[in-house]
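Trainee: Return atomic coordinates for the entry below.
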Amino acid sequence: MPKRYWYIILTYVATQLSGLIGAPVLLVFGMSEFDAIAVWSVISFTIATIIILYLLRTDMKQASEVRSSSGVASIIGWSIGGVFLALFAQGIAAYIETALLGIPAGSENTMNLMEIARESPLFILLPVVFAPITEEIIFRKIIFGSIYKRTNFFLAVLVSALIFGAFHFDFKHMLVYFAMGVVFAFLYVKTKSIITPIVAHMAMNSFVVVSQYFVDPEDLRRMQEQMETIFIGGMF
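Mentor: Residues are numbered from 1 along each chain as shown. Now for the predicted structure:
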């Protein structure tokens, strides 16, 4: 793996850990807890994204040189279709978790993030913009891509999707994150462009944020349980 990829991974990990220091510092200046988390997250991930894109400048130049008009059309088409594919995979995984494994519906990780977003809307930039860019570069382009070149799709997607799920620290819902990791890896291979899973990831996260932003968490949990019952009943 090229050195620049290791630098990108270190940048991402350092950014994730920086909140342990950055947010408390902002609290000293009188910010509320939610505002401190939101402001630091946006600042740190803005810097991280700029650094990561700078380190990838060689890769982006090579990709732009080989991309054709038909390739652009494919990226657009699969980016749109990828959103529905990801939502479908997420729905199947959520049903398996609740109906077969007995795991309660609703991601605690997502609910915690939305709680911060409701208190400090600036935080919405994290799941809608910065997370899709950095996560797809790390987990699909670097981790999945590096393993895929040496082995095969199944092993590469298994390792990268598991790491993708683990980094969300929501281990009860690993299957849901794993399912999304599989879909995004498929989109990357299908179009040979990291832009496709980034756009699909952005769109899916935007859908989740919009659909949950104005909904009470308890009402949302009940809606998810009802939708999963209707979804699986309609299919089988």
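Trainee: lowest-confidence helix or strand of the protein?
Mentor: Across the helices and strands of the chain, the lowest-confidence element by mean pLDDT, DSSP states H and E is helix 217-235, at a mean of 48.
Trainee: State the distance from Leu158 to Glu108.
Mentor: Per Cβ to Cβ, to the nearest Å, Leu158 is found 25 Å from Glu108. Heads up, the C-betas are built off the backbone N, CA and C, glycines and all.
Trainee: When the two are compared, which one has more neighbours?
Mentor: Higher neighbour count among Leu158 and Glu108: Leu158, with 18 against 13, using other Cβ atoms under 10 Å.
Trainee: Tell me which residues touch that one, please.
Mentor: By Cβ atoms under 8 Å, 6 or more residues apart in numbering, the contact list for Leu158 is empty.
Trainee: What separation do you get for it and Ile116?
Mentor: 32 Å.
Trainee: tell me which element the spatially most central residue of the chain falls in.
Mentor: Centroid-nearest residue in the chain, with Cα atoms, centre = their mean: Pro132, separated by 4.8 Å. Using DSSP states H and E, the element containing Pro132 is helix 131-135.
Trainee: That helix: how far from the chain's middle?
Mentor: 6 Å (Cα atoms, centre = their mean, to the nearest Å).
Trainee: what's next to that helix, contact-wise?
Mentor: Counting by Cβ under 8 Å, 6+ apart, 12, 15, 45, 48-49, 52, 164, 167, 198-199, 201-202, 205 sit against helix 131-135.
Trainee: what do you get if the cut-off is 7 Å, keeping everything else the same?
Mentor: Identification of contacts with helix 131-135 by Cβ atoms under 7 Å, 6 or more residues apart in numbering yields Tyr12, Phe45, Ala48, Thr49, Ile52, Ile198, His201, Met202, Asn205.
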